[in-house]
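Visitor: how does the following fold in three dimensions:
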Amino acid sequence: PQAPPEPLVPEAARHAHLVTCSGDKLLGGPQAGILAGMEHAVTQAGRHPLFRALRSDKLSLFLLQEIFTLLINDRTETLPLWQMMHQPLEQLRQRAEQYCHHLGPGLSGEITATASTIGGGALPDETIATWAAAVSADAGSAEDLLRSLRHRTPPLIGRIMDDRVILDPRTIDPDDDALVWQLLKEGGIPC
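Guide: This is a model prediction of the structure:
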């Protein structure tokens, strides 16, 4: 049986005294646990002996403040997560085409329309349309190719779909594309 869908934070907060969420997944900021809810519940949690051991450090609090300031002032375009989420589909298609153009010996590929998963706890099961390079090795399975890519320096991470390795440019910084091309030019090298 499939688990019921996880509620989004605002929906959960309407039905609970205290809600926990992840600062990095929710905001695209530093790794942090966030408590939200009724004042008495948050205050009581802050009095628990574990609070001192688990509280955020000054740097995390500073970064969270900066993230909230950007969100309040509608300047999210400077955050990497938000940049990735809002890349134009045509730009993603062109990048996926370039990945396929740079495939080395023993590799073949094509661009494919697919979906990127946005995040775990904050946006469960939420996806956004993307274009990706679907890569296959002439010899070996998709699992073998994925293992080979993960063992390169630096590792190239993808996912398997329809027995092909999916390389989603939405999840790769455009500044790293030349490095991706170089890794792909190495071809279908077995581990």
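
Visitor: packing partners for the lowest-mean-pLDDT helix or strand in the chain?
Guide: Here the helix or strand of the chain ranked lowest by mean pLDDT, DSSP states H and E is helix 23-27, holding a mean of 75. If you count contacts as 3 or more C-beta pairs under 8 Å, 6 or more residues apart in numbering; DSSP states H and E, helix 23-27 packs onto strand 33-37, helix 58-72. For every residue, glycine as well, the C-beta is placed using N, CA and C.

Visitor: just the residues contacting the last one, thanks.
Guide: When contacts are defined by C-beta atoms under 8 Å, 6 or more residues apart in numbering, helix 58-72 is touched by residues Gly23, Leu27, Gly28, Gly29, Pro30, Gln31, Ala32, Ser56, Thr76, Thr78, Leu79.

Visitor: where do the helices sit along the protein?
Guide: 9-15, 23-27, 39-46, 49-54, 58-72, 80-85, 89-101, 142-150, 177-185 (DSSP state H).

Visitor: now, of those helices, which is deepest in the fold?
Guide: Burial of the helices of the chain is given as mean neighbour count (mean count of other C-beta atoms under 10 Å); helix 23-27 ranks first at a mean of 20.

Visitor: can I get it in CSV, CA atoms only?
Guide: Provided in CSV are the C-alpha atoms of helix 23-27 (Å, rounded to 0.1, in the frame of the first residue of the first chain):
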residue,chain,number,x,y,z
GLY,A,23,15.1,24.6,6.3
ASP,A,24,17.2,23.4,3.5
LYS,A,25,14.4,21.6,1.7
LEU,A,26,11.7,24.2,2.4
LEU,A,27,13.8,27.3,1.7
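
Visitor: distance from it to the middle of the chain?
Guide: Relative to its chain's centre, helix 23-27 lies at 11 Å (C-alpha atoms, centre = their mean, to the nearest Å).

Visitor: just the buried ones from the contacts of helix 58-72?
Guide: Applying 16 or more other C-beta atoms under 10 Å to the contacts of helix 58-72, the neighbour count classes Gly23, Leu27, Gly28, Gly29, Pro30, Ala32, Ser56, Thr76, Leu79 as buried.

Visitor: let's have those residues in CSV, adding distance to Gln91.
Guide: CSV is the format used below for the buried ones among the contacts of helix 58-72 (distance: C-beta to C-beta, whole Å):
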residue, distance to Gln91
Gly23, 28
Leu27, 24
Gly28, 19
Gly29, 24
Pro30, 28
Ala32, 31
Ser56, 35
Thr76, 18
Leu79, 18
